[in-house]
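[1] Starting from these lines, generate the structure:
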Amino acid sequence: MADTKIYFASDQHFGAPTPELSFPREQKFVAWLDEIKKDATALFLLGDLFDFWFEYKTVVPKGFVRVLGKLAEIRDSGIPVYFFVGNHDLWMHDYFQKELNIPVYHTTQEFTFDGKSFLIGHGDGLGPGDKGYKRMKKVFTNPFSKWLFRWLHPDLGVRLAQYLSVKNKLISGDEDVRFLGEENEWLVQYSKRKLETKHYDYFVFGHRHLPMTIKVGENSSYVNLGDWIGYFTYGVFDGKTFELKEYKN
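    The predicted model follows:
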């Protein structure tokens, strides 16, 4: 891929803690999208773009028009955009695909760019531990659970889900935002285990809200993209190297 400039971002949590307080972060993210569209050859969004998202048959949560409009503009310009659901927007279905022509992934995916192999995903529920959240995720992703929730009026359903998203850490899957040490970082351990059966140059995840790059093999690195709440960090791959950067605008 000539003149590669692939961008990665994760964990914006737009709508939290309130739409009003979230709005400046949305504006900053849209400004970043406006900048990268000048040289991006692809954009990866690794989940939790929204603090809550649910797709009824004819309704989606209101708001986020500026973000969605900018993503539509980027995609319409011919730049590929890939979206991975996180633990806060895991009830995403095909709205992005139909409305924005953006594919949505619910599991990790492999990509190869300029001879470099990537394993990409949000990161929730991977690796050892986190058993409580893993059990809860099975409940929430069960088709019957989604069917029951769909019968709630959107005004009630969205309000309930937003409350639980903030208050119930077992449901949200959020962990303490502090570095736990390589031996206790589950995504580091997950990456090392994956290398036992197949080589990847880069493991790129979100979910932890901590920007970090850690060597997990002689020629392999685990990258966490951080977030757009306190760090405003993103990743960029130029065809040779992967860098974490902070957007300071």
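[2] Helices along the chain, start to end?
    For the chain, the helices defined by DSSP state H cover 19-36, 65-76, 95, 131-140, 143-150, 154-167, 169-172, 186-195.
[3] looking at those helices, which one has the lowest mean pLDDT?
    Mean pLDDT is lowest for helix 169-172 among the helices of the chain, at a mean of 41.
[4] unless I'm mixing things up, residue 34 is touching residue 70, no?
    Yes: between residue 34 and residue 70 there is a contact under Cβ atoms under 8 Å: 6.7 Å. C-beta here means a position set from N, CA and C on the backbone, and glycine is covered the same way.
[5] ok, those two, which is more surrounded?
    residue 70 (18 against 13; other Cβ atoms under 10 Å).
[6] Check whether the more buried one really touches residue 32, as I assumed.
    No: using Cβ under 8 Å, residue 70 is not in contact with residue 32, being 9.5 Å away.
[7] pLDDT score assigned to the most centrally placed residue in the chain?
    The structure's the chain has its C-alpha centroid closest to residue 47; by Cα atoms, centre = their mean the separation is 1.9 Å. We have a pLDDT of 92 for residue 47.
[8] and what of residue 235?
    At residue 235, the pLDDT value in this model is 98.
[9] do residue 52 as well
    pLDDT, read off for residue 52, is 79.
[10] Could you count how many residues lie near it?
    24.
[11] what do you get for residue 18?
    11.
[12] and the end-to-end length of stretch 10-28?
    14 Å (Cα to Cα, to the nearest Å).
[13] Residue 122 and residue 187: what is the separation?
    10 Å (Cβ to Cβ, to the nearest Å).
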